[in-house]
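**Q** Sequence and computational prediction follow.
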Amino acid sequence: MVSLWCLTFGLSAQSKCDLTLSGQVVDEHDGSALGFANVFIENSSVGTISDASGYYSIAGICPGVHVVVCSHVGCEPVRDTLLIEDHAIHNFYPEHHAELLDGISIVESSREPNIVSIKTRVPMLDRSAGKSLGQSLEGISGVSSLSTGNSISKPIIHGLHSNRILVINNGVRQEGQQWGNEHAPEIDAFIAGEIQVYKGAQSVRFGPDAIGGVILVMPKSLPDSFGIAGGLAGSWQSNGLGGSGNMYFEGRAKKIPAFRWRAQGSAKRLGDADAPEYVLTNTGIEELNFSLNASFGDQKKGIEVFYSQFNTNLGILSASHIGNLTDFQRALEADEPLVVKPFSYAINRPYQHVEHELFKASAHVKTKNDRNVGVVYSRQYNLREEYDTHKGAQADAPGLQFEIVTHGLDVTLENKKTANHDWQFGASGLIQENTFEGRYFIPAFRKGSVGVFGLDQMQINSNWSIEFGGRMDYVEQSFFFYNQVKTERRNHSYAQPSVTAGLIRKFGSSWHWKLNTANSWRPPSANELYSNGLHHGAASFEIGDTNLRKEVSYSLNTELTFQGEHIQIESEAYLNFMDGFVYLVPEFPATLTIRGAFPTFSYGQTTALLYGLDNQIRYKIKPWIEMISRTSILRARDLESGNWIIQMPSDQSALSIEFSGKIQDYSMYVAPSVKWVNKQWRVPSNSDYSPPPAGYVLANVIAGVSRTTRLGDTQLSLEINNLLNQQYRNYMNRYRYYADEIGRNIIVRIAHHF
Amino acid sequence: MSTLVLSSCKRDDDEPDDPHNHNEEELITTVELQLHATDGTHASAHWSDVDGPGGDYPIIDTLVLDTNKTYSLHIEFLDESGDEVHDLTHEIEEEGSEHIVCYDETIDELSITRTDSDGVYEIGLTSDWVTTNASSGNVTISLKHQPGVKDGTCTPGETDVEVVFPTLIE
């Protein structure tokens, strides 16, 4: 399935021993990065250890034929014979665990310049087939989700979400209506061949808004092998009585080796979910997506086009749509949701209809001196329609509709590893237009932004690497208001630099230390400036503040890792000081409307400090038993009032034990796990409608079997979430006022790749 | 319910700097009470918030009733936010099986009974108000939207209107 390949750049041979071999060490089966692998030239003292993301680089190699050995805990060492004539890239694919879970193809990773940042790959994406993007990230320590029931889930990194997290889908900034707490990322999770999560600020490389972190969703790379290949995957779940399916075909013809293509489509349908004691009425999901991808060219120069479409209808729990505070009080006091109907697949009002379309065209050229020039153009169209319980003047029309169109252009120039420097320069521009119809919540606007950046990573010696970078952005936004007579226009503009600096220090072969400091920012969003209206479902009145200034973050992240023979420890600590942190301030008196009085909040700014710890330990007790524990702790303080900050994830811990093995051709695994989530008692007093719910412990189990034959790989897995059908509520779920979380869920997945 | 359609090249036909709202929300801004007593005396009161939620404070009349009388009430729900006044009472009557008007009086000297019906349950667009001795207090009037869940009580559904009229019986 996986072929080893070695890229040599075919330039004239050099006689001095100053060549560099770099690349990545990747698990053969699931494509996850293998950090802390030993990579060395046999019969020499030249060697190194891959970093936490699996990347390695060996300098001082003489031209000629070398046997390069890569070894990693729990793996058979890999020996590859390479002819090295120039700086070269070579990836190693040791066979790691016996659990064979294909699906993530191995990407010939171009070395990301900012490896100093703390980056995690989402492991074993196949095990999350059928889950939304937000849900599939939950296994990473320090990452949790802000959800609205079981259908809407937004990732939270180190306590920050929405406009403070950037999602990069296929190299393009995802531009939708991210500001809303109940607006999930509009991405088909089946597209992802690989997901990487950067924890901590990343504004220099990715632009404003990346204060909390960045989620990179990368499709599988187009095929290298000739012929037509493809795959089918399906999942079915007991809770919601439905499932999802994905199908793709890809190919490369021998006659035209420069041309590669893929076509993919997926669908999902779930009915009402079940809490242990009742049906969660109107929580069904429908999704229909497809993507087309083609490229022409090779490593030296090429063009690529990508087109994808995401369409979904998301039911909103009937009991959560309330008319006024009296209704809300009644919902809070009731033990069960006030509307419970028998199970149904129907999605009735209230519901959301969301569409997202991405078109991307890119080109790359490798210059004579081995530099890469890349250009990416993208266009995105995003439609969000919110259908309230009440029909408006036109019966079929949504109560609220946003349409947002974004054009982006990115140019980058990269230099790979010469004289121990990896540098990258780039410029990006964006034009965006937003319009709305229906009830007012945020105004129509037009936005333009430009940015330039530079980053350099320098290897000082085999123990030390440093990185530094800077960026300058200019953002201009015009908002338009129509007051029955004429259109009024208001402009806001921002110019702001971002900087980053970091270092990596290796101590011997087992210890590894990273330190990263960054300054990043974001402009206030449309809702923070101009919202003025009732928030259905939250029974509150929100008022924007047009005088908000930009939010600026100063952060420090550090990670210490230990890689022993049987044990691997990753400990991360972070500190994020935020000037102008935007939050909702309660206002008195409440707003009196014809629907009654509503608690009122206006957007304000304060100085905030967020700090925490993420810890992960993997212990290989026996070759076939591995124990994994993860713990995340976060504290968020408003430094001006001395209060805790509302709506932050509480302390949590997870423990799993994975048994894996191989019987004849069948690879199998079983992994029971428990997750503990503490009660969030660190909340500001008198600022919420009901106290945070109690902590809980959940038990889950997953088991799978797979087999590779000449006909392809076949995988089958069974997962049971909330094994004990426990009744609980989650502080980070906006439905916690109305209903319990979903009960036991049995998921069956099957996939075949040929 | 809308279905999912795969169509290519989606476009936004609106310009942000030329906002024209095709689907402006219908808004109840005003509740009007007209009370006619059997002896021909008349009382009325308004509760109106013409600029919608937020902005200017609503205008709220005090309802003044005579002692020992029986009034019959007609309640009207109006949208006065635009240039023309829209009377939404008729729509509520047409969708009578999805709506109920509820009256909650804190005055012992006043009793209110709904007098109309959707065929099964009362709607409450008309009602009888019977006063006894002089007193004062509040009457809370609410309009509930109860599609598929109407059971004759005020408990289920979503609240569209909830206004309080200060009331004086003298």
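**A** Arrived safely. Just so it is clear, the structure is predicted and the values come from calculations on it, not from any experiment.
**Q** Confirm for me that residue A:252 is in contact with residue A:221.
**A** No: assessed by Cβ atoms under 8 Å, residue A:252 is found out of contact with residue A:221, at 11.6 Å. Heads up, the C-betas are built off the backbone N, CA and C, glycines and all.
**Q** Please say which of these two ends up with more neighbours.
**A** Shown here are residue A:252 and residue A:221; by other Cβ atoms under 10 Å in any protein chain shown, residue A:252 has more neighbours (21 against 18).
**Q** element containing the closest residue to chain A within chain B?
**A** Going by Cβ to the nearest Cβ, chain A is nearest to residue B:159 of chain B, at 3.3 Å. Per DSSP states H and E, residue B:159 falls inside strand B:158-169.
**Q** Could I get the full set of helices for chain B?
**A** B:89-94 (DSSP state H).
**Q** before we move on, what about the stretch 101-250 of chain A?
**A** A:133-136, A:203-206 (DSSP state H, counting those that start in this stretch).
**Q** What parts of the stretch 501-650 of chain A come near chain B?
**A** Within the stretch 501-650 of chain A, the positions near chain B by Cβ under 8 Å from any Cβ of the partner chain are A:532-534, A:541, A:543, A:591-596, A:598.
**Q** do you know which of the helices of the stretch 101-250 of chain A lies nearest residue A:630?
**A** helix A:133-136 (15.5 Å; Cβ to Cβ).
**Q** Which strands and helices lie in contact with the closest one?
**A** Under the contact criterion of 3 or more Cβ pairs under 8 Å, 6 or more residues apart in numbering or on different chains; DSSP states H and E, helix A:133-136 touches strand A:143-148, strand A:152-157, strand A:192-199.
**Q** Just confirm residue A:529 is within a helix.
**A** Yes: Residue A:529 forms part of a helix when assessed by DSSP: H, G, I helix; E, B strand; the rest coil.
**Q** Which residue, other than its chain neighbours, is closest to it?
**A** residue A:544 (4.8 Å; Cβ to Cβ, 6 or more residues apart in numbering or on different chains).
**Q** and what of residue A:235?
**A** Counting by Cβ to Cβ, 6+ apart, residue A:130 is the residue found nearest to residue A:235 once chain neighbours are left out, at 3.5 Å.
**Q** Count the neighbours of the one you found for me.
**A** Residue A:130 has 25 nearby residues by other Cβ under 10 Å.
**Q** residues touching it, list them.
**A** Residue A:130 makes contact with A:235, A:237, A:243-244, A:268, A:747, A:749, according to Cβ atoms under 8 Å, 6 or more residues apart in numbering or on different chains.
**Q** Out of the residues you listed, flag the one nearest to chain B.
**A** residue A:268 (10.2 Å).
**Q** which residues does the closest one contact?
**A** A:130, A:242-245, A:285-288 are the contacts of residue A:268 under Cβ under 8 Å, 6+ apart.
**Q** closest one to chain B among the helices and strands packed on helix A:133-136?
**A** strand A:152-157 (16.7 Å).
**Q** Identify the residues contacting that closest one?
**A** By Cβ under 8 Å, 6+ apart, strand A:152-157 touches A:132-135, A:137, A:142-147, A:161-162, A:165, A:167, A:181-185, A:197, A:199-200, A:212-213, A:215, A:314, A:352, A:649, A:732.
**Q** Next step: the contacts of residue A:130 restricted to strands.
**A** A:235, A:237, A:243-244, A:268, A:747, A:749 (DSSP state E).
**Q** Restricting the selection to alpha carbons, write stretch B:88-105 to PDB.
**A** Extracted in PDB, the C-alpha atoms of stretch B:88-105 (Å, rounded to 0.1, in the frame of the first residue of the first chain):
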ATOM      1  CA  LEU B  88     -52.300  40.900  12.600                       C
ATOM      2  CA  THR B  89     -55.400  40.000  14.700                       C
ATOM      3  CA  HIS B  90     -57.100  38.400  11.700                       C
ATOM      4  CA  GLU B  91     -54.100  36.100  11.000                       C
ATOM      5  CA  ILE B  92     -54.100  35.000  14.700                       C
ATOM      6  CA  GLU B  93     -57.800  34.200  14.400                       C
ATOM      7  CA  GLU B  94     -57.300  32.200  11.200                       C
ATOM      8  CA  GLU B  95     -54.500  30.200  12.900                       C
ATOM      9  CA  GLY B  96     -56.800  30.000  16.000                       C
ATOM     10  CA  SER B  97     -55.900  26.300  16.600                       C
ATOM     11  CA  GLU B  98     -52.200  27.400  17.100                       C
ATOM     12  CA  HIS B  99     -52.800  30.400  19.300                       C
ATOM     13  CA  ILE B 100     -54.300  31.300  22.700                       C
ATOM     14  CA  VAL B 101     -54.500  34.700  24.500                       C
ATOM     15  CA  CYS B 102     -54.000  34.400  28.200                       C
ATOM     16  CA  TYR B 103     -55.200  36.900  30.900                       C
ATOM     17  CA  ASP B 104     -53.700  36.900  34.300                       C
ATOM     18  CA  GLU B 105     -55.100  39.500  36.700                       C
END
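**Q** Please identify the buried residues of that stretch?
**A** B:88-89, B:92, B:96, B:98-103, B:105 (16 or more other Cβ atoms under 10 Å in any protein chain shown).
**Q** does that stretch come close to chain A?
**A** No: legend: contact between stretch B:88-105 and chain A by Cβ under 8 Å from any Cβ is lacking; minimum distance shown is 9.6 Å.
**Q** Rounded mean pLDDT for that stretch, please.
**A** Average pLDDT, stretch B:88-105: 93.
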